[in-house]
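Asker: how does the following fold in three dimensions:
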Amino acid sequence: MTARVLLVRHTAVAKAWSGRCYGRSDMGLSRAGAVAMRALAADLAAQSFATIVHSGAIRTRLLAGRIARLTGRPLLADPRWLERDFGTWEGRRWHAIWRETGDLMDRMMTDPAGFYPGGGESGQDLATRARAAWDALPTDADTLVVSHGGPIAAIRTLRAGQPLERTIDAVPPCGSWLALPRQGRA
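Answerer: Below is the predicted model of the structure:
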């Protein structure tokens, strides 16, 4: 039997962060996100997995911790599953970034290897880090990973053999999850 990885994106973040670039910034959940988190944790607790991994950010730790309490499964923080580092763009409104930089933001999709938004992390850097996190997961048991849109999209793109310019198409909605076979490298 091939081991599975359940990739879970955290639920909705605090309302104050709506419309903002929050990447590595650490915040809690909105009220709706907290309600969705409880329901998602109950659904995920019914799945088969041996270990729970999360990025260490509050928004992933809350969900992972709840699932661990429901299942008694071990919990491990791995910062390689953190969201992309957006440098000086962190915490700023997307509209303000666009007003200041024009269509420079588009380079996140068109130049994933050479563009570092806000002086932060390139799409290639994110994909390399996510690949290392994926490759460190056990191959002999199912694992549940609570992470963020960027790392999950990078893994999905790499595993599909798509160019990193397509990563944007693989970003899952908040509070969603998918199962991938663990076999092989990302």
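
Asker: all contacts plus neighbour counts: C-alpha atoms, from now on.
Answerer: OK.

Asker: so what's the most centrally placed residue in the chain up against?
Answerer: Nearest to the mean C-alpha position of the chain, by C-alpha atoms, centre = their mean, lies His148 at 1.7 Å. Neighbour list for His148: 8-10, 60, 81-83 [criterion: C-alpha atoms under 8 Å, 6 or more residues apart in numbering].

Asker: hmm, try it at 7 Å
Answerer: 9-10, 82-83 (C-alpha atoms under 7 Å, 6 or more residues apart in numbering).

Asker: out of the residues you listed, list just those in strands.
Answerer: Here DSSP state E is the test, and the contacts of His148 give Arg9 as lying in strands.

Asker: and the end-to-end length of stretch 140-150?
Answerer: Taking C-alpha to C-alpha, to the nearest Å, stretch 140-150 runs 26 Å from one end to the other.

Asker: in it, what's buried?
Answerer: Of the residues in stretch 140-150, 141-150 count as buried by neighbour count, 16 or more other C-alpha atoms under 10 Å.

Asker: how distant is that stretch from the center of its chain?
Answerer: Centroid separation between stretch 140-150 and its chain, computed with C-alpha atoms, centre = their mean, to the nearest Å, is 9 Å.

Asker: quick one on the thing from earlier: which one of the buried residues of stretch 140-150 is nearest to Arg131?
Answerer: Arg131 lies nearest to Gly150 out of the buried residues of stretch 140-150, by C-alpha to C-alpha, at 11.9 Å.

Asker: how about that closest one, nearest residue that isn't a chain neighbour?
Answerer: For Gly150, ignoring the flanking residues on the chain, the nearest one in space by C-alpha to C-alpha, 6 or more residues apart in numbering is Glu83 at 5.7 Å.

Asker: my guess is the one you found contacts Pro151, does it?
Answerer: Yes - with contact defined as C-alpha atoms under 7 Å, Glu83 and Pro151 form a contacting pair (6.3 Å).

Asker: looking at those two, which is more packed in?
Answerer: Per other C-alpha atoms under 10 Å, whichever of Glu83 and Pro151 has more neighbours is Pro151, with 30 against 22.

Asker: pretty sure the more buried one sits in a strand.
Answerer: No - counting by DSSP: H, G, I helix; E, B strand; the rest coil, Pro151 is located in no strand; its state is helix.

Asker: contact partners for it?
Answerer: If you count contacts by C-alpha under 7 Å, 6+ apart, Pro151 has them with 81, 83, 126-127, 130.
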